[in-house]
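return atomic coordinates for the entry below.
(2 chains)
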Amino acid sequence: MTLRLFNTLSGQIEPLAPADGQSLRMYACGPTVYDFGHIGNFRTFLEVDVLRRFLLLTGTPVRHVMNITDVDDKIIRNAAAAGIPIGEYTAKFEAAFFEDLDSLKVQRPEVVPHATAHIDQMIELVQKLAAAGAAYKTEDGSWYFRLAAFPSYGKLSKKDLSGMEDGARVDVDEYEKDSARDFALWKAAKPGETAWDTAIGRGRPGWHLECSAMAAKYLGESFDLHAGGEDLMFPHHENEIAQSETANHKPFARHWMHVRFLLVEGRKMSKSEGNFFTLRDLLLKGYRASSIRLALISVPYRHQLNFTFDGLAEATSAIDRLRTFHDRLTKTSFAPGESPALQEAAKKAREEYFNALANDLNTAEARAPIFDLVRAGNTAIDQGQMLAADRDAILAVLSDFDAVFDVLKDDDAEPTRKALVWAEEAGRLDEVAPELRASQSLTDESIDALVAERTAAKKTRDFARADQIRNDLAAKGVVIEDSKDGVRWKRK
RNA sequence: GGCGCGGUACCCAAGUGGUAAGGGAGAGGUCUGCAAAACCUUUAUGCGCCGGUUCGAUCCCGGCCCGCGCCUCCA
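Numbers count the residues shown, from 1 in each chain, chains lettered A, B, ... in the order given. Predicted structure coming up:
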């Protein structure tokens, strides 16, 4: 099955397959590690994760490279303000970033290169561009890319720069540029700033340079797919193309994927709007990592997603439905054999699921057949018609579903626990939701004991005591369910 | 101004030239000591508005209204 994915470059949905027939080489722009990641950042990383997982599920190995931008203006400024070296400053936020990715179950790329570890490659690239007459040095020691050297500039974002007048918006710091649109390759060091002594002078890399250099090193000068948030299309990706194609004389990435920004409660997320959330903020409010994951990937990546607390609650309910069904399948014993109707239902669900994802990663459409199958399965179990082979067929479909969505396994406690540890260290325990605090105060053992006491009370028909225990636990976020096979409980 | 996206039931959200997936929420019912879970029934004669093309449009075309994104370092 070949994935058909929208290609920003062509403006069309096109098959995405490895050029070398082996593995798909993809580069996804990673974070600038100057702060904790917010849910907008994570939507992009999650959508790339969906892509990655679907490729793997359909048998295409991937070589996925994601950079860590560990030097830029904000990092230099913030590290200086904190009075620590930039490496120390970025290490903290990089660790937090990966902890957050783990919480959201975003798979690690094969290669995670750091900008500061590839200064040499970037210098070589600048030299190559200079030799080609596409880069020039200004009086202060900075290097710029000469846009005039790359006539097809703008082909990705469909911008026609020919009508743009030079000099209209010249930055005062950059008065030496030949053209206002020329962008920085290398920035000369200002006194006291972090800098590298190199063959092209003392300074630090411009933002765009690192991606061109590292993509070439780890994927080759020409590769299959480049991905990132929609804001990166221009100028970042446009500049990467200009640098790389001018230096290497071959097409850079063949396919480009851009993830749309999300809205939060109907508005663009911003600190001043009060709708700016990091992953940690949400975990401390008591939302599960799995709910956040599902909420962020349930709307297809090219559509604007309106992230809301209602949406998180909905995702939680949807996940509970799936998990309850999955538990039922694995914990109930079924007679040997198979029934044609269920086999057919499983086959159909599987086909529709794969087709939906193959169609430009339509995650919303992909969910539908899975829930259809859940209902069919529940009905069959209720009516005693499910047989062992039916269960196996349905579990196989759920497994394919989870290979991409990854929300079935209930291991939400760990991300929440880690967030609480962090909140304590950061002195932010006052932000923890009361119900979460109460739930965390109960150990599994103490819950088991109370559940056992309630079961005993029920046996003696002391329903008042039984209900009291159930209500007390409910108040602390623990839900009890009785069934023929015993009592189940779960944390809300 | 340039480029682009969207307006589908109470909410979220797919989708198709032939009459509207799925999830959540609500209501009624079955089951249950009561709940929960699960299942059944139920909630858009209509898919922003107005025209047009068509045997037929939510889906195609035109206009309008509304919301949103990007336009030099925000994923």
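
from memory A:Lys159 sits against A:Phe234, does it?
Yes - between A:Lys159 and A:Phe234 there is a contact under Cβ atoms under 8 Å: 6.3 Å. (C-beta placed from N, C-alpha, C; glycine too.)

identify the residue of the stretch 201-350 of chain A closest to RNA strand B, quick one.
A:Gly229 (1.6 Å; Cβ to the nearest atom of the strand).

tell me the bridge partners for that residue.
Assessed by DSSP bridges, A:Gly229 has beta-bridge partners A:Val259.

count of residues packed around it?
Neighbour count of A:Gly229, defined by other Cβ atoms under 10 Å: 21.

closest point of the stretch 1-150 of chain A to RNA strand B, which residue?
Nearest residue of the stretch 1-150 of chain A to RNA strand B (Cβ to the nearest atom of the strand) works out as A:Gly40 at 2.5 Å.

what does the stretch 301-450 of chain A put close to RNA strand B?
Contacts of the stretch 301-450 of chain A with RNA strand B, taken as Cβ under 7 Å from any atom of the strand, map to A:303-306, A:308, A:310-311, A:313-314, A:317-318, A:320-321, A:324-325, A:356, A:359, A:362, A:364-365, A:367-368, A:371-372, A:374-375, A:378-379, A:381-382.

among those residues, which are in helices?
A:310-311, A:313-314, A:317-318, A:320-321, A:324-325, A:356, A:364-365, A:367-368, A:371-372, A:374-375, A:378-379, A:381-382 (DSSP state H).

for the stretch 301-450 of chain A, which segments count as strands?
A:305-307 (DSSP state E, counting those that start in this stretch).

ditto for the stretch 1-150 of chain A
Remark: strands assigned in the stretch 1-150 of chain A by DSSP E, counting those that start in this stretch are A:3-7, A:12-16, A:24-28, A:62-66, A:135-137, A:143-145.

and A:Tyr287, that one's in a helix?
No - A:Tyr287 is assigned coil when assessed by DSSP: H, G, I helix; E, B strand; the rest coil, not a helix.

apart from its chain neighbours, what residue comes closest to it?
A:Leu312 (5.2 Å; Cβ to Cβ, 6 or more residues apart in numbering).

what's around the one you found, how many residues?
By the other Cβ under 10 Å criterion, the neighbourhood of A:Leu312 contains 20 residues.

ok, now A:Pro191?
Neighbours around A:Pro191, by other Cβ under 10 Å: 5.

next to RNA strand B, which bits of the stretch 1-150 of chain A? Give me the list.
Near RNA strand B, when you scan the stretch 1-150 of chain A using Cβ under 7 Å from any atom of the strand, you find A:29, A:31-32, A:38, A:40-41, A:43-44, A:72-74.

rewinding a little: pull out the buried members of the residues of the stretch 301-450 of chain A next to RNA strand B.
Among these, those scoring as buried are A:305, A:311, A:318, A:320, A:325, A:356, A:362, A:365, A:367, A:374, A:378, A:381 (criterion: 16 or more other Cβ atoms under 10 Å).

go ahead and confirm the first one touches A:Ala315.
Translated: A:Leu305. No - proximity of A:Leu305 to A:Ala315 does not meet the contact threshold set by Cβ under 8 Å, at 11.8 Å.

quick one, what contacts the residue nearest to A:Tyr287?
Residues near A:Leu312 by Cβ atoms under 8 Å, 6 or more residues apart in numbering: A:282, A:287, A:291-292, A:295.

which two of the residues you listed have the greatest separation?
With Cβ to Cβ as the measure, no two of the contacts of A:Leu312 lie farther apart than A:Leu282 and A:Ala295, at 9.7 Å.

more crowded one of the two?
Remark: of A:Leu282 and A:Ala295, A:Ala295 carries more neighbours, 28 against 22, as counted by other Cβ under 10 Å.

which residue packs closest to that one, ignoring adjacent ones?
Closest to A:Ala295 by Cβ to Cβ, 6+ apart is A:Ala315, at 4.2 Å.

wait, that neighbour touches A:Ser291, no?
Yes - assessed by Cβ under 8 Å, A:Ala315 is found in contact with A:Ser291 at 4.3 Å.

noted, bye for now.
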